[in-house]
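Q: This is the structure alone, sequence omitted:
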């Protein structure tokens, strides 16, 4: 399902444009996905590994659509964040701590997207459906982690779902505002 979410966002980026899509957020999705694949391998969880693996090509395609010149710093920044905030705590204190760390980092990865949604003049490139589908996907993972008694991962899902839903609300309001503004402009023009 994560791959579907990324595919929807990629399709929108190609069709409508990349306005409002945060390169740092997309870079973090890619880097965090690599961590989740490693977590899945460690747990011998084929669903976790493959679900995450199917997202990576679309996330790379989104970054390439935004343009390498605009994204390379974000990719390096995301790599540094993942190494210091996720990989290092995991190496020192284990996967459970790493999974909690990823929840915190995943929340912070949404901050650039939230800031862009508030500050950018146009956010038409942001897919509300993609973020909503991502929230549903994370809800299913939350169920899985609770069922498997992976407390750290479950906590990270709760935190991440909350930040995703905030993006859904802000993006939906911005899209509605844009449509209303365009309708008023059409009525005002002779």
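A: Noted; the coordinates are in hand. For clarity, every value in this text was computed on a predicted model and none was experimentally measured.

Q: what's the pLDDT at residue 123?
A: Per-residue confidence for residue 123 comes out at a pLDDT of 82.

Q: try residue 108
A: So, for residue 108, pLDDT stands at 82.

Q: quick one: secondary structure of it?
A: helix (DSSP: H, G, I helix; E, B strand; the rest coil).

Q: And for residue 149?
A: Assignment for residue 149 (three-state DSSP): coil.

Q: Roughly how far does it sit from residue 46?
A: Separation of residue 149 from residue 46 (Cβ to Cβ, to the nearest Å): 18 Å. From N, CA and C alone the C-beta is placed, and that goes for glycine too.

Q: likewise residue 38?
A: Relative to residue 46, and taking Cβ to Cβ, residue 38 is found at 14 Å.

Q: Which one of those two is surrounded by more residues?
A: The residue with more neighbours, out of residue 38 and residue 46, is residue 38; 18 against 10, by other Cβ atoms under 10 Å.

Q: Could I get the pLDDT score of that one?
A: 88.

Q: What are the buried residues along the host helix or strand of it?
A: Counting by DSSP states H and E, the element that carries residue 38 is helix 23-43. By neighbour count with 16 or more other Cβ atoms under 10 Å, helix 23-43 contains the buried residues 23-40.

Q: Give the other helices and strands that the helix or strand just after it contacts.
A: Next along the chain after helix 23-43, taking DSSP H and E as the criterion, comes helix 46-66. Helices and strands touching helix 46-66, by 3 or more Cβ pairs under 8 Å, 6 or more residues apart in numbering; DSSP states H and E, are helix 2-15, helix 23-43, helix 68-82.

Q: and the gap between the residue most central in space within the chain and residue 157?
A: Taking Cα atoms, centre = their mean, the centroid of the chain lies closest to residue 29, which sits 5.0 Å from it. According to Cβ to Cβ, residue 29 and residue 157 sit 15 Å apart.

Q: do residue 140 as well
A: Distance from residue 140 to residue 157, by Cβ to Cβ: 9 Å.

Q: Also residue 150?
A: From residue 150 to residue 157 the distance is 10 Å (Cβ to Cβ).

Q: Looking at the two, which is more packed in?
A: residue 157 (25 against 21).
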